[in-house]
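# Sequence and predicted model, in that order:
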Amino acid sequence: MNSATTITTGIDGSPASLDAADWAAREAGRRRLPLRLLHAGTQHRVSARVPDVDVPAGCTRSALDRAAIQLAYAHPALDIVARDTETPAVPALLAAAAESETLVLGTRGRTDHSAQAGFLAGSVALAVAASAACPVVLVRAGELPSDEREFTPGGTPPSTAPYRPVVLGLDLERPADNLIGYAFDTAAVRSAPLLVVHAWTPPPYGDRGPAVPSPDASPSEVSPSDVPSADDVRDHETGRRRALAGTLRSWCHEFPDVPVVEEVVHGRPGDQLLRVSTGAGLLVVGRRAGERLGRAARTAIRQVTCPVAVVPHD
């Protein structure tokens, strides 16, 4: 098996990891790639190809064995490899990410109705998403195959319904090819539309000073010219719409079958991504290599209800 073209998912026996593994299996099927199941931090066992998982007589099947057999029955055409390692979870998953096209991890969904919808991302998932060499998809507990499909009333089987849109949050100051390419390719393999969202706030400086005066400034020091005019804001927005269209032009030519919707909106990126991800099949956000997760990415991971792909880029 060529591990550089593999979908890898972490297995720890929790419902969240099993739901993430099923998502990973569907993604591997869409991309026609093998699926690797990785159980880290346990007694080392020899890798086994499914469904011929090696379980000694008289021994109880491990969480990895059970997950592998369950996935093999659900996805009989998929090439699945299961592996245990004694290496702790974070370094083991980061090592696997270096050899994978995509790494998929489960995070606990909020089931308490008094709590805010979204993820309860554990320390392992956050640490891996912040440092992995490949895209990391975080899948909430309870994610079902039908959740990534549009609702179709009547007798249409959920497995044949159209896919929900892929949403890409894009910073025009860092329009990385890795990030944009992942979003377009993901939409293409699903035959899904792609919504590209750029969120911005009006510039903090006018012609002669800060738009928000210093608390120590006297009234005589505050000028109306310190606040951007409506025309200034419109000009900035028009420029950003043109910049977004220009950034995506070559990608639209490369993926002519992907319907693309471009949206430039006012507001904080995290808040806007939360809004537009409602009804999405996947939210794609970026992370600059060597840096921590940004505020928008952290907001998305904590609060959105659809799977979130964190894509590293230069």
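That came in fine, so what should we check first?
# Return the helix or strand in this protein with minimum mean pLDDT.
Within the chain, no helix or strand scores below strand 119-120, which has a mean of 44 by mean pLDDT, DSSP states H and E.
# can you map out the helices along the stretch 201-314 of the chain?
230-254, 269-276, 295-303 (DSSP state H, counting those that start in this stretch).
# Could you save those as TSV and add columns showing distance to residue 105, mean neighbour count and mean pLDDT?
The way it works is simple: take the backbone N, C-alpha and C, and place the C-beta from them, glycine included. Converted to TSV, the helices of the stretch 201-314 of the chain look like this (distance: least, CB to CB, whole Å; neighbours: other CB atoms under 10 Å; pLDDT from 0 to 100):
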stretch	distance to residue 105	mean neighbour count	mean pLDDT
helix 230-254	27	13	88
helix 269-276	19	20	91
helix 295-303	11	20	88
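# Quick one: closest of those to residue 130.
Distance to residue 130, taken as CB to CB, is lowest for helix 295-303 among those, at 8.8 Å.
# Next, the angle from that closest one to helix 269-276.
Between helix 295-303 and helix 269-276, the angle comes out at 40 degrees (axes from the mean of the first three to the mean of the last three CA atoms, to 10 degrees).
# How far does helix 295-303 sit from its chain's centre?
10 Å (CA atoms, centre = their mean, to the nearest Å).
# Show me the strands in the chain, by range?
Ranges of strands in the chain, per DSSP state E, are 7-10, 35-40, 48-49, 80-85, 102-109, 119-120, 136-140, 166-169, 194-200, 260-266, 282-288, 308-313.
# Could you pull up the residues touching residue 307?
By CB atoms under 8 Å, 6 or more residues apart in numbering, the residues touching residue 307 are 23, 137, 138, 139, 140, 143, 148, 281, 282, 283.
# Any chance of these in a markdown table with pLDDT, distance to residue 72 and neighbour count as columns?
Output for the contacts of residue 307, formatted as a markdown table (pLDDT from 0 to 100; distance: CB to CB, whole Å; neighbours: other CB atoms under 10 Å):
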| residue | pLDDT | distance to residue 72 | neighbour count |
| --- | --- | --- | --- |
| 23 | 97 | 16 | 24 |
| 137 | 97 | 21 | 26 |
| 138 | 96 | 24 | 26 |
| 139 | 95 | 20 | 29 |
| 140 | 91 | 24 | 25 |
| 143 | 93 | 20 | 20 |
| 148 | 94 | 21 | 22 |
| 281 | 96 | 25 | 22 |
| 282 | 97 | 25 | 25 |
| 283 | 97 | 29 | 29 |
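# Out of these, flag the one nearest to residue 157.
Among the contacts of residue 307, residue 148 lies closest to residue 157 (CB to CB), at 14.1 Å.
# ok, now how distant is the closest residue in space to residue 151 that isn't next to it in sequence from residue 78?
In space, and not counting its chain neighbours, residue 151 is closest to residue 161: 7.3 Å by CB to CB, 6 or more residues apart in numbering. Distance, residue 161 to residue 78, using CB to CB, to the nearest Å: 21 Å.
# Looking at the two, which has the bigger crowd around it?
residue 78 (19 against 14; other CB atoms under 10 Å).
# okay, the contacts of residue 307 in a markdown table with distance to residue 70 next?
Putting the contacts of residue 307 into a markdown table (distance: CB to CB, whole Å) gives the following:
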| residue | distance to residue 70 |
| --- | --- |
| 23 | 14 |
| 137 | 20 |
| 138 | 21 |
| 139 | 16 |
| 140 | 19 |
| 143 | 15 |
| 148 | 19 |
| 281 | 23 |
| 282 | 23 |
| 283 | 27 |
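# Can you lay out the helices of the stretch 201-314 of the chain as a markdown table showing distance to residue 181?
Rendered in a markdown table, the data for these read as follows (distance: least, CB to CB, whole Å):
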| stretch | distance to residue 181 |
| --- | --- |
| helix 230-254 | 7 |
| helix 269-276 | 19 |
| helix 295-303 | 18 |
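# And those: which comes nearest residue 39?
helix 295-303 (23.2 Å).
# which helices and strands does the closest one pack with?
Packing partners of helix 295-303 (3 or more CB pairs under 8 Å, 6 or more residues apart in numbering; DSSP states H and E): strand 119-120, helix 269-276, strand 282-288, strand 308-313.
# Show me what that helix is in contact with.
Contacts for helix 295-303 (CB under 8 Å, 6+ apart): 107, 116-119, 121, 126, 129, 138, 169, 199, 268-271, 273-274, 277, 283, 285-287, 293, 308, 310.
# Report the buried members of those.
Listed as buried from these are 107, 118-119, 121, 126, 129, 138, 169, 199, 269-270, 273-274, 277, 283, 285-287, 293, 308, 310; burial here means 16 or more other CB atoms under 10 Å.
# thought residue 258 was touching residue 188?
Yes: Residue 258 lies in contact with residue 188 (CB atoms under 8 Å); the separation is 5.3 Å.
# I appreciate the help and will end here.
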